[in-house]
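Asks: Pasted the sequence and its predicted model underneath.
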Amino acid sequence: MPSDTGVVHRFRKLWTLAFTILALLTSTLTGVAQAQAQAQATETGIRGMAEAIDADVLKFGMQRIILWGLDAPEKKQTCQLDGKLWGCYEAAFRKLQLLAGRGEVSCTYKSEPDPFGRRFGVCESGGQDLGAEMVKAGLALVLVEQSDEYDPEMADAITAGVGLWQPGVVFEEPWIFRRRETRGGYR
């Protein structure tokens, strides 16, 4: 019976070559995707593709930006709507995901980094101020300790009865909840 070791050897070489090419291609594509996803940071701000990681926090690569002048419900915070639990955090988080997911986001820093290296910033995408949109939707409150810039948007949300300002909604201000529930009161 003849031995077919030459065919087996060529078959092994072919699969090794195919696997090597696939690994190199995957590595190259991953590197290109990472390079495209990296944000461009300067002394005054950052821009690029952002990911919402909280109801008022964006992430550009490793840099976290907390939206300036507003405060949104905390992850462990609950609200009530007509006496029933309402996921106010989830609604706010989804809204920020939608706003940040439309394309490139550009943020202008408003403070020095906090103890965790995070920055506060005013962020825009598609010509819209994300903070203003969150407050206008009633899914974030003006944080007067930082700014009163979004007062008109909050007045509009209250008048329209949207988000946290819907009739029948009971909520606690996020900064009060956080100071009570989070060591140090940090976001």
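Replies: Happy to help now that I have it.

Asks: and the residue nearest the centre of the chain, what does it touch?
Replies: Centroid check for the chain by CA atoms, centre = their mean gives Ala52 as the closest residue, at 1.0 Å. Going by CB atoms under 8 Å, 6 or more residues apart in numbering, Ala52 touches Leu58, Lys59, Phe93, Leu96, Gln97, Leu99, Ala100, Gly101. Bear in mind the C-beta positions are built from the backbone N, C-alpha and C, glycine included.

Asks: Out of those, the closest to Gly127 would be?
Replies: Leu99 (11.9 Å; CB to CB).

Asks: Can you get me a residue count around that closest one?
Replies: 23 (other CB atoms under 10 Å).

Asks: Neighbours of the residue nearest to it when sequence neighbours are not counted, how many?
Replies: Once flanking residues are discounted, Leu99 sits nearest to Leu130: 4.9 Å by CB to CB, 6 or more residues apart in numbering. Neighbour count of Leu130, defined by other CB under 10 Å: 29.

Asks: Could I get the phi/psi values of Leu130?
Replies: phi -60, psi -40 (degrees, to the nearest 10).

Asks: please begin residue numbering at 47 from this point
Replies: Sure, I'll start counting at 47 from here, so that last one is Leu176.

Asks: ok, now how distant is it from Ser193?
Replies: Separation of Leu176 from Ser193 (CB to CB, to the nearest Å): 14 Å.

Asks: again with Thr154
Replies: For Thr154, the distance to Ser193 - CB to CB - is 13 Å.

Asks: Asp100 reaches Phe139, doesn't it?
Replies: Yes. If you go by CB atoms under 8 Å, Asp100 and Phe139 touch, sitting 6.8 Å apart.

Asks: so what's in contact with the two at the same time?
Replies: Counting by CB under 8 Å, 6+ apart, the shared contacts of Asp100 and Phe139 are Ala118, Lys121.

Asks: Neighbouring strands - and their directions - for the strand of greatest length in the chain?
Replies: Longest strand in the chain by number of residues (criterion: DSSP state E): strand 165-171. The pairing partners recorded for strand 165-171 under DSSP bridges are strand 109-113 (parallel), strand 151-155 (antiparallel), strand 174-175 (antiparallel).

Asks: Figure out which of those strands is closest to Phe166.
Replies: Nearest of these (CB to CB): strand 109-113, 5.0 Å.

Asks: The residue nearest to Tyr196 when sequence neighbours are not counted in helix, strand or coil?
Replies: Spatial nearest neighbour of Tyr196, excluding adjacent residues (CB to CB, 6+ apart): Val181 at 4.3 Å. Following DSSP: H, G, I helix; E, B strand; the rest coil, Val181 is assigned to helix.
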